[in-house]
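Chemist: A structural model of the following input is requested.
(2 chains)
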There are 2 protein chains.
Amino acid sequence: MTDELPDVDLDAFRREGLLPTPGAEPAQHDGTGRVGLSFTVLDTDPERTAHRQVRVPPGVTVFDAASWNGIAIDSTCGGHGTCHKCKVRVEGSTPITRHDVKTFTREQLDAGWRLACLVNATRDLTVDVPPLTTRPKAATVGVGRQVILRPAIQKRYVELDEPTLADQRTDLARLLEAIDDLEPTADLHVLRRLPSVLRQADFKVTAVVVDEALVDVEPGDTTKQQYAIAFDLGTTTVVATLLDVGTGTPVAVASMLNRQQPFGGDVITRISATMMDPEALGRLQAAACDTLATLAAQVCDEGGVDPAHVYEVAIAGNATMTALALGIDPEPLGVAPFIMSTAQPPDLLAADLGLALHPRARVTLFPALGAYVGGDIVAGMLATGMDRDKRTRLFIDVGTNCEIVVSDGDRILSTAAPAGPAFEGGAIRCGMRAADGAIEVVKLGEDVELGVIGDVEPKGLCGSGLVDAVAELVKVGLLDASGRYVADEVAKEVAPSLADRLTMLSNSKGAQERVFVLHRPTPDAEPGDCVVLSQRDVRELQFAKAAISTGWTLLLEELGLEHRDVQQVLLAGSFGSYLSAASAVRIGLVPKLPVLRIVAAGNVAGEGAKMALLSVRERAGAQALLEEVTYVELSDRTDFNDRFVDQLGF
Amino acid sequence: MTDELPDVDLDAFRREGLLPTPGAEPAQHDGTGRVGLSFTVLDTDPERTAHRQVRVPPGVTVFDAASWNGIAIDSTCGGHGTCHKCKVRVEGSTPITRHDVKTFTREQLDAGWRLACLVNATRDLTVDVPPLTTRPKAATVGVGRQVILRPAIQKRYVELDEPTLADQRTDLARLLEAIDDLEPTADLHVLRRLPSVLRQADFKVTAVVVDEALVDVEPGDTTKQQYAIAFDLGTTTVVATLLDVGTGTPVAVASMLNRQQPFGGDVITRISATMMDPEALGRLQAAACDTLATLAAQVCDEGGVDPAHVYEVAIAGNATMTALALGIDPEPLGVAPFIMSTAQPPDLLAADLGLALHPRARVTLFPALGAYVGGDIVAGMLATGMDRDKRTRLFIDVGTNCEIVVSDGDRILSTAAPAGPAFEGGAIRCGMRAADGAIEVVKLGEDVELGVIGDVEPKGLCGSGLVDAVAELVKVGLLDASGRYVADEVAKEVAPSLADRLTMLSNSKGAQERVFVLHRPTPDAEPGDCVVLSQRDVRELQFAKAAISTGWTLLLEELGLEHRDVQQVLLAGSFGSYLSAASAVRIGLVPKLPVLRIVAAGNVAGEGAKMALLSVRERAGAQALLEEVTYVELSDRTDFNDRFVDQLGF
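Modeler: Predicted coordinates for the structure are as follows:
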């Protein structure tokens, strides 16, 4: 077929990237669905010339591929094709765009010079990057990722010519022509201010651009004041970080409990609340917005920053938290088949959420992959570079709902496992949130050693303490592989110094069950006044870990991988930070790997939100994840239950 | 230089339309800056095949060129490249886009088939248009223009599959995939409604799309209810027309005085009001919005239409009226160098203007060419087809400020002339607005014959009556060519039956001036109780007509044209409708042409607003006028004053 077409049409196809270049085809792809870019990054000092190989999904621009991998290319417009500064030389035939023709001489075009933001990497490419004319700023965020600062917020101080009869350009045209590497649109708010601000400030003003929007024009030079707030909108805890986007540095951090707590501790109880009371949705939304507003005021106050200089907000939250904050009915998220209203939340203003920041401050919300793999996980994937690491990695965010992502360096799969309340302490007899008095570390030897949050008397057991306790009890032999407390006589044999801590206690329904006493407030305290781990608690954890391990087992199988192929496990969320790697391995929550391969990644959702504020390229990366990640629904898998039972033992 | 480039790069240039095709160059342009398209419009009945030649500015798409000229091409997306239906066959080499590759076979591409909305007419083209699969609706609006209905409002009734665990598409994705020839974005408002509306309506809903936005989803089939309101926002009078955009028919019309009247009769007094009182801008804005809201409620009521089914509003107003309605400080419009905040008003919602229509109903405002050639004139140019008529035409909108547009069928020039208050009746002794009791026609013979608005006693003289009176007085010889009343003895000679109507009267400052009595309420009424035309009134008119005729004289000269080259004069505005062509010619307000060439075009601003609502292509045409029309500022022209004096005589 191909040969029947005249040459000219074939060329057209090739220019559109729809046909391979003849002869070059076999070398185009290595079968992984990605293309390889070989960058030579030149420096004014020739000895510092660097070479970098990166692999990206086909169709990504050369500019994005470089940005995502920390390679800086000159640009002031952030890759919109308007500033004409991101000049690179590409080997081989590459389509020429209108913008290239305006930027380069014919000889330069012939030599392969192109604007990097307009070259789509549809095949392997070799790219020369000329030395930077200005050093880009960068910040380290996420899990040790170096991010080149390209915030959506851009401020430009300009001194404009005053209008005359010979120069009747409109106020807006006059301003926009002075910042013509950007092409923002102006809304009514800024148009209302423009005539008076220009004239009062003698036409010396600072234009404030966020993404594609001119959000304000401020008298004089205010370019040093440009701030944004990153929110990690958790079901339990909400964290705000005020960022100076000009320098990439955090100015203030604050956190507080989500004010939705009175409606229930987890997403399901909050969704249920909206189903039972038609007014609950409005109240839940108000509570979320109130939490965000309180934190926003707090970080501005602590950082000594005028809230009117905060022009953007990023929010990473799970699908339910996002829906509730926006006032979108979450009911379809809570019942099968678990449907989101949208994967990509709409653009909105901080004012729409009741935040008293700049009146046109914008909100960027992370997209979600599914009802239970939400924007917090997408943010976490961004922060951990799940999409641009060549290693086989497993990402687990452990909570009431547990999100799991597996990447083999090429394909990325995700799923959600209903871990139940074990990790939030809800259904655990002495369970509590990871707050002061919570046992977070348990070591069993001759005696019981406890790590407790805060310098206080142990009051209960948080998720990581629970995992530790069970892992240690399995290790010393007081729990058997099926998760049952051993008989007293066996206990005395395997752990004589601990055996007397195994005793009986009646549960809330009056039935007796076996418990292990972790902490006695006084030597003669009744078991009912002690911090204990009950047989039922062990079962709760067993179910949770079985759900989680079934999740990643099935995802690894989908990719044709064994447990041992996993090169890194990232444990995310505040829970992940507390969890000891050894314990997690021991109870089978994560694959049985050397503990050094298991990394507590911390609050990755918050880090992802920061990255989105510091770099529009990273933000685009989060969007790209929607296409790159395959969501696997486990609840209708016929093999899920069998696997689940397999995973119940320790 | 060209020959030194390798072939492949030349091709790239040509594909981008940046280099001519070799050999074809001399035939490309005819020197007018436009390109010619030769359409062959096929019909299922071969005898009805039609041929049409049209000329458009280079770069216009073939789809737009056809639409603007009433040639229908299949399309459901309105030319956004998404529906893949606007198939045409283009002769000669034309770039192939991604969308073309998806739509056509290689053989079809080779035969020249392309999507019309993606072919830019950068050279003369021959285009075959296949027979329509559906008959497009059309409406006649503007000055007899046939407009193919392509409203920005599109409603689609869909019956969606209900979600399952195997089909977890989000609510939004499910809806958008069912209307995938459109690609609207969803805002928070619609996302809040979506989950509940879909489920309450059993997934049988109507999507409401306006332009690029999904503005609502309504239960069941509401496709028959789709309305919009066109506003002519005049300084004096505001007119609203409720349109059924599905059929193109007006449902109700209403008009009222602009409630800004108490702040002054013309734009300058209203601008002055804002300069003297900082609260006046807010009150003027409220008055404008109140006027629009009252009319909107009235037309909905009269038409029996639920205001929630009105999804779009178009407003044509001059630059000052537009600024005041939006709450933008108009001061820079009122003082030299006469600067607008923006030529293109921003997108906004009808709710932002206080209109109680659909909560997300959108407002489209016409762009302006200059501080005194505003959106009303752009709308008028659209309605009269100033940009697509091959004749040399002169468009004059007569008012306190007079806007003038000249087109030679290729270049279009515009300017504004300060006509002063003569045409609004303000500075005229017995002047009044064109309302009941206003003399609008004057004929002098043996006696005075008057045409009066309404069946009432004459109370004063409106603008058209003023022109008539002066023209008739010149004709009978009571006014000489310099505009002076002739001496009594001359009067008795040239018009014996009228001479006694010339008398003396003291003006407001006590000075005596000559007046001509047009109407005596009683035979023995004092001259002070009569409707008279004073010497000073004649001077006012002289200045006005001199300003106007200087305006079009200079514009004609710029185009190298003589008066006699003008093939049509369009007199616009409510004033233009009242003015008699013969009188206008006689006093020199328009070139001395056969009266048949002088057309009262009526309320062209309102017609333009209707067209913008009925067709997004027409709306794009209004935008294109911003590029096509050159604004000529007269106030800094050194030759203006000399020409003005030349034009003072009759």
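
Chemist: drop to CA atoms for contacts and neighbour counts, all remaining ones
Modeler: Noted.

Chemist: what sits against the closest residue to A:K137 other than its chain neighbours?
Modeler: Here the nearest residue to A:K137 in space, its sequence neighbours aside, is A:L149; by CA to CA, 6 or more residues apart in numbering or on different chains that works out to 5.5 Å. Applying CA atoms under 8 Å, 6 or more residues apart in numbering or on different chains, we find A:L149 in contact with A:136-139, A:245-248, A:614-615.

Chemist: run the last query once more with 10 Å
Modeler: By CA atoms under 10 Å, 6 or more residues apart in numbering or on different chains, A:L149 lies in contact with A:67, A:70, A:72, A:78, A:136-139, A:245-248, A:611, A:613-618.

Chemist: Which among those residues count as buried?
Modeler: A:67, A:72, A:78, A:138-139, A:245-246, A:248, A:611, A:613-618 (16 or more other CA atoms under 10 Å in any protein chain shown).

Chemist: roughly how far apart are the residue sitting furthest away from the middle of chain A and chain B?
Modeler: In chain A, the residue that sits farthest from the middle, by CA atoms, centre = their mean, is A:L165; the gap is 53.3 Å. Remark: distance between A:L165 and chain B (CA to the nearest CA, to the nearest Å) = 5 Å.

Chemist: With A:A287 instead?
Modeler: A:A287 sits 17 Å away from chain B when distances are taken as CA to the nearest CA.

Chemist: Now the residue nearest the centre of chain A: closest residue in space, sequence neighbours ignored.
Modeler: In chain A, the centroid-proximal residue (CA atoms, centre = their mean) is A:A379; its distance is 1.3 Å. Nearest non-adjacent residue to A:A379, counting by CA to CA, 6+ apart: A:G608, 4.3 Å away.

Chemist: Now do the SS call for the one you found.
Modeler: Of the three states, A:G608 takes helix under DSSP: H, G, I helix; E, B strand; the rest coil.

Chemist: what ranges do the helices span in the stretch 1-150 of chain A?
Modeler: All helices of the stretch 1-150 of chain A, identified by DSSP state H, counting those that start in this stretch, fall at A:7-15, A:62-68, A:98-103, A:106-110.

Chemist: Comparing those by mean pLDDT, which bottoms out?
Modeler: Mean pLDDT per stretch puts helix A:7-15 lowest among those, at a mean of 37.

Chemist: hang on, the earlier thing: which residues does the residue farthest from the centre of chain A contact?
Modeler: For A:L165, the contact set (CA under 10 Å, 6+ apart) comprises B:336-339, B:633-637.

Chemist: Mark out where each domain of chain A begins and ends.
Modeler: Using automatic domain parsing, the domain parsing of chain A gives A:2-136, A:153-219, A:227-365, A:383-650.

Chemist: In the stretch 401-550 of chain A, what residue lies closest to chain B?
Modeler: Nearest residue of the stretch 401-550 of chain A to chain B (CA to the nearest CA) works out as A:T415 at 13.2 Å.

Chemist: Pull the contacting residues for that residue.
Modeler: Residues in contact with A:T415, defined by CA under 10 Å, 6+ apart, are A:369-370, A:372-373, A:396, A:402-406, A:548, A:551-552, A:554-555, A:630-635.

Chemist: can you give me the helices for the stretch 301-450 of chain A?
Modeler: Per DSSP H, counting those that start in this stretch, the stretch 301-450 of chain A carries helices over the ranges A:319-326, A:331-334, A:375-384.

Chemist: any idea of the angle the longest one forms with helix A:319-326?
Modeler: Looking back up the chat, that one is helix A:375-384. Compare the direction of helix A:375-384 with that of helix A:319-326 by axes from the mean of the first three to the mean of the last three CA atoms, to 10 degrees and you get 110 degrees.

Chemist: where does helix A:375-384 sit relative to the chain's centre, distance-wise?
Modeler: Counting by CA atoms, centre = their mean, to the nearest Å, helix A:375-384 is centred 2 Å from the centre of its parent chain.

Chemist: Same check on the second one?
Modeler: Taking CA atoms, centre = their mean, one finds the center of helix A:331-334 at 23 Å from the center of the full chain.

Chemist: Can you name the residues that contact the closest residue to A:T237 other than its chain neighbours?
Modeler: Taking CA to CA, 6+ apart, and ignoring the residues beside it in sequence, A:T237 has A:L257 as its nearest neighbour in space, at 4.4 Å. In this structure, A:L257 makes contact with A:233-239, A:291, judged by CA under 10 Å, 6+ apart.

Chemist: next one: A:D447
Modeler: Taking CA under 10 Å, 6+ apart, one finds A:495, A:497-498, A:518 in contact with A:D447.

Chemist: Just the buried subset of the residues you listed, please.
Modeler: For the contacts of A:D447, burial is judged from neighbour counts taken by 16+ other CA under 10 Å, and it is met by A:495, A:498, A:518.

Chemist: Export the residues you listed as TSV, with columns for distance to B:A481.
Modeler: As requested, these are exported to TSV (distance: CA to CA, whole Å):
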residue	distance to B:A481
A:A495	126
A:L498	124
A:L518	115
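
Chemist: Make sure A:S67 is actually in contact with A:V129.
Modeler: No. No contact is recorded between A:S67 and A:V129 when judged using CA atoms under 10 Å, the distance being 12.0 Å.

Chemist: where does A:D468 fall, helix, sheet strand or coil?
Modeler: Reducing the assignment at A:D468 to three states with three-state DSSP gives helix.

Chemist: For the residue lying closest to A:L292 once chain neighbours are set aside, report the pLDDT, please.
Modeler: Closest residue to A:L292 in three dimensions, ignoring its sequence neighbours and counting by CA to CA, 6+ apart: A:L355, at 7.2 Å. A:L355 carries a pLDDT value of 98.

Chemist: what's the answer for A:V141, then?
Modeler: A:V141 is assigned a predicted lDDT (pLDDT) of 74.

Chemist: May I have stretch A:212-223 as CSV, with CA atoms only?
Modeler: The C-alpha trace of stretch A:212-223 is given here as CSV (Å, rounded to 0.1, in the frame of the first residue of the first chain):
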residue,chain,number,x,y,z
GLU,A,212,-2.5,31.5,30.5
ALA,A,213,-4.3,34.2,32.6
LEU,A,214,-3.3,37.8,33.3
VAL,A,215,-4.6,37.8,36.9
ASP,A,216,-3.5,41.3,37.9
VAL,A,217,-1.5,44.4,37.2
GLU,A,218,0.2,45.9,40.3
PRO,A,219,1.7,49.3,40.6
GLY,A,220,5.5,49.4,40.6
ASP,A,221,7.8,46.5,40.9
THR,A,222,6.4,43.6,42.9
THR,A,223,8.3,40.8,41.2
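
Chemist: Read off the pLDDT value for A:T32.
Modeler: Confidence at A:T32, expressed as pLDDT, is 53.

Chemist: Sorry, slip of the keys, the one I care about is A:D43.
Modeler: The model reports A:D43 with a pLDDT of 84.

Chemist: Check A:L37 too.
Modeler: As predicted, A:L37 sits at a pLDDT of 89.
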